[in-house]
Structure formats: C-alpha cells, structure tokens
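Visitor: when you get a sec, could you give me coordinates for this:
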Amino acid sequence: MRITIEIDSKSEMEKLSTLLKTFNINAVKIVPVEGSALSVKKGDKKIDPKGLLGYGKVSRNLSKKSARLPGKGNSAPDIWFCVTQNIFIHAFNGRHDTISRMEEIGLQQIGLSVVTLMELYQGARNKVELARIKRNIRYFDVVEIDNTASQQAAIFVEKFKLSHNLQIPDAIIGASAVVHQVPLFTST
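Guide: Sure, this is the predicted structure:
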C-alpha cells in the first residue's frame, strides 16, 4: 500500500510521526518533493543581537527594518541573505563596515548555510573560541543542504573548478543561494 501525504513544516511531520507510532506503523519512507521549500533550522531570535557582533566591542542601534527581496515560489523564505564564513568572522572581530552592512540588511533576515556553520566550527583554535562561536551564531537561522542544491553544486564544481578554483564548500553555499533565490553576502 502507498499513501501520499504532503506536509509543509517539520512540526507537522513530527505530529504525523507520533500518530503513526501510536498505530505501531514504523516502516515509513519519507521522500522529499522535488523543488521543496527551503529547509531552515531557526535561530533563537529571543537573543539580543547587539553583543553578538564584534564580541561586544561594538554597541550599535540595530535596525529592525530592511528591504524585503523576492524569494522563490509563493511563500517567500524567512531568510533574505545567506552570509558566508568570512563575513561572520569580520563581524565577530568588530569590522565596522561589515557590521554596518549586516545592520542595513537586518540581522533578523540573515542566515547561514550549514556548511558555513561547519567552517566556523572548524576554524576555532580551542574550546573557548568554539564556545564563543556557538554562542554568537545561535541567533541566526541555518539553511540546510537539500537535494536540488546538491545537484546544482555539482554542476558549479564541474563548470568552475578549473577556471575559478571553486571549492566544494563554496559551491554548496552558492548553489543553496541560487536554488532558493536568496542573495549571497560574501567578501570573496
């Protein structure tokens, strides 16, 4: 028997999973729909972002307003800019030009790829620095890698590895931004 159920959110999926378990239905295959919505792990927006940038070196009036850019499909994503590792590093180190640009965009509309998150963790030189990165990054939404973005990343690597020395992490981040029509904020 095959039953198709379309679910729009992770919370609905969890509810369905709980329901199926109550009927002892354990063999469920989840198949993502082609061109599915942007998968995002939400950041903790209850945190005051003022102390996140520049490790507290900069005290600024953070703007809640920013230009809304069109997203893909009928429902626009919550994230309007996907920010790369180098931008977060500049902001955490207190670079005023980077922080100003992030404020212009609106911190609540900035997200990062799970690849960027891994790059930031990998760049930590010790446990204290890793803890600081984790604390400062928890405000921001994290964009997960989906099948369509993975396929696009492979195309990017094929086309641009030799001519532009495109690396796999950058290809995945760029592909996620392109596939979901989310502008990419990077300094490279």
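
Visitor: find the least confident helix or strand in the chain, judged by mean pLDDT.
Guide: Every helix and strand of the chain was ranked by mean pLDDT, DSSP states H and E. The lowest is helix 10-22, at a mean of 73.

Visitor: that one: what's the following helix or strand?
Guide: strand 40-41 (DSSP states H and E).

Visitor: and that next one, how far out from the chain middle?
Guide: Here strand 40-41 is found 7 Å from its chain centre; the criterion is C-alpha atoms, centre = their mean, to the nearest Å.

Visitor: with stretch 96-114 instead?
Guide: Taking C-alpha atoms, centre = their mean, the mean C-alpha location of stretch 96-114 is offset from the chain mean by 12 Å.

Visitor: could you dump it to PDB, C-alpha only?
Guide: The C-alpha trace of stretch 96-114 is given here as PDB (Å, rounded to 0.1, in the frame of the first residue of the first chain):
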ATOM      1  CA  HIS A  96      32.600  48.300  11.300                       C
ATOM      2  CA  ASP A  97      32.000  48.100   7.500                       C
ATOM      3  CA  THR A  98      30.800  44.500   7.700                       C
ATOM      4  CA  ILE A  99      28.700  45.100  10.800                       C
ATOM      5  CA  SER A 100      27.100  48.200   9.200                       C
ATOM      6  CA  ARG A 101      26.200  46.200   6.100                       C
ATOM      7  CA  MET A 102      24.700  43.400   8.200                       C
ATOM      8  CA  GLU A 103      22.600  46.000  10.100                       C
ATOM      9  CA  GLU A 104      21.500  47.600   6.800                       C
ATOM     10  CA  ILE A 105      20.200  44.100   5.700                       C
ATOM     11  CA  GLY A 106      18.600  43.500   9.100                       C
ATOM     12  CA  LEU A 107      20.100  40.900  11.400                       C
ATOM     13  CA  GLN A 108      16.800  39.000  11.600                       C
ATOM     14  CA  GLN A 109      16.900  38.400   7.900                       C
ATOM     15  CA  ILE A 110      20.400  36.900   7.800                       C
ATOM     16  CA  GLY A 111      21.000  33.200   7.700                       C
ATOM     17  CA  LEU A 112      24.000  31.000   7.100                       C
ATOM     18  CA  SER A 113      24.500  27.700   5.400                       C
ATOM     19  CA  VAL A 114      25.100  24.600   7.500                       C
END
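
Visitor: ok, back up a step: and the least confident helix or strand of the chain, what other elements does it pack with?
Guide: For helix 10-22, not one helix or strand is in contact under the criterion 3 or more C-beta pairs under 8 Å, 6 or more residues apart in numbering; DSSP states H and E. (Each C-beta comes from the backbone N, C-alpha and C, glycine too.)

Visitor: all good on my end, thank you.
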